[in-house]
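Asks: I need the structure of the sequence given here:
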Amino acid sequence: MDNKIYMEAIRNLESLYKSYLMTYKALLKENKIDEEFKKFHIRASLIYNAKIVFTNELLSDIELEAHEYSLRLSEVWFSYEALIPIFEKMNLVLEAKKSKHHSKNVNTIQDALKISRDPIEPTEPYGKANFFNYDFSNTWSVSERLAPDISLFIDNIKSITSEDKLRKKFHEYLYYLENSSLGAQKKLIRNAHNDISNRHDVHPSDVMCIAYAIRNQYVHAGEVISGTEDESKVKCEVIKSCYYFTLITIFTIAEAILWEI
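Replies: Residues are numbered from 1 along each chain as shown. Coordinates of the predicted model:
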């Protein structure tokens, strides 16, 4: 991640967590925090504050960093899933969604990059990422609050794809995530890739579906990042970008939930 972008993301996260923690502690003193939210808080706070150190004899420094952030992103995603029972109690779990692109002849990301993105409509589920859909993210103005963080994500992608060889590796990585995904998740990654590559409006759910695909490869396929230096660099930066955005997202949502208590 570009150092300036990285530092800004860190500052945003630190400020958000400080605000969230202050609200959490105040409500805890008033005995207004239930056990489900406590579980989320403990898990999310542990990974936020985690110091991960490896004894490394197997991977390059960049591969090891990618492994660390894959682990971090997976833990953040599990924390996100811990919010789902809370969503359900608040009647905030909505129908899952997918793109209308199913009506067009789109079979690869290369094809997706040639078409415009259409609005999405309720239809079949596409995994746990479906809880972060367009209607829900408008609750509590989540999308508006995350707009600066979306901009940081996009700026970082631009910084790592400024060179032709790295841009090619970025596209190849998303092709790989598409091919490794199942069902409608493939289409969501194509659409996210289309938005990012063509500089359309990038929505939080675009980043979340990429984060979900990365997490699935780490958790379910046992992926260890390896390859050429350029491949590992691009993968590492995408994973780090998704990690910071997803962590900021869950604390943004969690703080908004606390405001409702």
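
Asks: mind listing the strands for the stretch 51-200 of the chain?
Replies: Along the stretch 51-200 of the chain, the stretches classed as strands by DSSP state E, counting those that start in this stretch are 97-99, 120-122.

Asks: what sits against the residue nearest to residue 20 when sequence neighbours are not counted?
Replies: In space, and not counting its chain neighbours, residue 20 is closest to residue 255: 4.4 Å by C-beta to C-beta, 6 or more residues apart in numbering. In this view, the C-beta of every residue, glycine as well, is placed from N, C-alpha and C. Applying C-beta atoms under 8 Å, 6 or more residues apart in numbering, we find residue 255 in contact with 16, 19, 20, 23.

Asks: for residue 255, give its distance to residue 221.
Replies: Separation of residue 255 from residue 221 (C-beta to C-beta, to the nearest Å): 33 Å.

Asks: need the pLDDT of residue 76.
Replies: pLDDT, residue 76: 96.

Asks: at which residues are the helices of the stretch 1-150 of the chain located?
Replies: Remark: helices assigned in the stretch 1-150 of the chain by DSSP state H, counting those that start in this stretch are 3-29, 35-49, 61-82, 84-89, 109-112, 134-138, 142-160.

Asks: quick one: which of those is nearest residue 229?
Replies: Nearest to residue 229, of all these, is helix 61-82, at 6.7 Å by C-beta to C-beta.

Asks: helices and strands of this structure: which one has the lowest mean pLDDT?
Replies: strand 120-122 (a mean of 36; mean pLDDT, DSSP states H and E).

Asks: can you count the residues close to residue 259?
Replies: Neighbour count for residue 259, taken as other C-beta atoms under 10 Å: 10.

Asks: do I have it right that it meets residue 20?
Replies: No - using C-beta atoms under 8 Å as the test, residue 259 is too far from residue 20 to be in contact (10.4 Å).

Asks: list the contacts for residue 173?
Replies: By C-beta under 8 Å, 6+ apart, residue 173 lies in contact with 231, 234, 235, 238.

Asks: how far away is it from residue 71?
Replies: 18 Å.

Asks: now residue 60
Replies: Counting by C-beta to C-beta, the gap from residue 60 to residue 71 is 17 Å.

Asks: state the distance from the residue lying farthest from the centre of the chain to residue 237.
Replies: Within the chain, residue 30 marks the point farthest from the mean C-alpha position, 32.5 Å out by C-alpha atoms, centre = their mean. In this view, residue 30 and residue 237 are 42 Å apart by C-beta to C-beta.

Asks: I appreciate the help and will end here.
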